[in-house]
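> Sequence and predicted structure are below.
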Amino acid sequence: MSLPVDATLYLAFCLATAALVLLPGPMVTLIVTNALARGTRFGLATTAGSAIGTSTFLVIGAFGLAPVLALIAPWYDILRWLGAAYLVYLGVKQFRAAPAASQVPRAGDFRTVFWQGVWVAMLNPKSLLFYVAFFPQFITPDLPIGPQLAVLSASFLIIALAIDSLYAVLAGRLNRVFSNQRWARLRNRVLGTVLMATGAGLAASQRS
């Protein structure tokens, strides 16, 4: 059974998506931070939250409601500031956190990082303009638009989930290196600073 998309454009889309997801951004920063600070499972929980947040925009697009996102575009700056403020808040919290590498994880801890992933994905302006600027480049007008959007949306989510999970696993393996109290304190301060810098960079970014 063939896919309802142009094969050449679909391959280009998958490659472009992989390149886009591989680029370090607010979401990757948060996933790596949580995995480095608390272990692989926390990085994967953050990744799961990111997938839920991202899928909100993907579902809208898959149902042919991409113009709705265009109507919301004037709220871009508000989303950018909210996302930046949230990252800075998480950075301050991480910077001030006491070393707690030896604590047994609780279910509530996983819920916390899961929702962090959801909100950072939802407050990422790139998601808002994704369909407007990116998806149309890989759609063939001669084929039904709806099925193409559905396939591209599902493919994007799978690629993003796979790459983000890889980031979480690799960063989680380094968690053991920083497991003692001295290194854990330094780790928290470095990661907190990175999160705050990412938030500040997001706030300073301009619409292209």
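Okay, I see it. All values reported here derive from a predicted model rather than from experimental measurement.
> How about the secondary structure of the residue lying farthest from the centre of the chain?
What lies farthest from the middle of the chain is Asp142; by C-alpha atoms, centre = their mean that is 32.3 Å. Secondary structure, DSSP: H, G, I helix; E, B strand; the rest coil: Asp142 is coil.
> Three-state assignment for Pro4, please.
Assignment for Pro4 (three-state DSSP): coil.
> Could you check how far it is from Val113?
Remark: distance between Pro4 and Val113 (C-beta to C-beta, to the nearest Å) = 37 Å. Where you see a C-beta, it was placed from the backbone N, CA and C, and this is true even at glycine.
> Surely Gly172 is in contact with Gly39?
Yes: between Gly172 and Gly39 a contact is recorded at 5.3 Å, counting by C-beta atoms under 8 Å.
> Please report phi then psi for the residue farthest from the centre of the chain.
Dihedral angles of Asp142 (phi, psi; degrees, to the nearest 10) stand at phi -80, psi -10.
> ditto for Gln137
Gln137 adopts backbone torsions of phi -70, psi -20, taken as degrees, to the nearest 10.
> Report how many residues lie close to it.
Gln137 has 10 neighbouring residues, counting by other C-beta atoms under 10 Å.
> which residues touch the residue sitting nearest the centre point of the chain?
Closest to where the C-alpha atoms of the chain average out (C-alpha atoms, centre = their mean) is Met27, at 3.4 Å. Counting by C-beta atoms under 8 Å, 6 or more residues apart in numbering, Met27 touches 50, 117, 120-121, 124, 164.
> What score does it have for pLDDT?
Model confidence at Met27, given as pLDDT, is 84.
> Tell me, what's the model's pLDDT at the residue nearest to it when sequence neighbours are not counted?
Nearest residue to Met27, sequence neighbours excluded (C-beta to C-beta, 6 or more residues apart in numbering): Ser50, at 5.2 Å. We have a pLDDT of 91 for Ser50.
> in which helix or strand would I find Ser50?
According to DSSP states H and E, Ser50 maps onto helix 40-62.
> What helices and strands are in contact with that helix?
Packing partners of helix 40-62 (3 or more C-beta pairs under 8 Å, 6 or more residues apart in numbering; DSSP states H and E): helix 26-38, helix 66-72, helix 107-122, helix 125-128, helix 130-133, helix 145-174.
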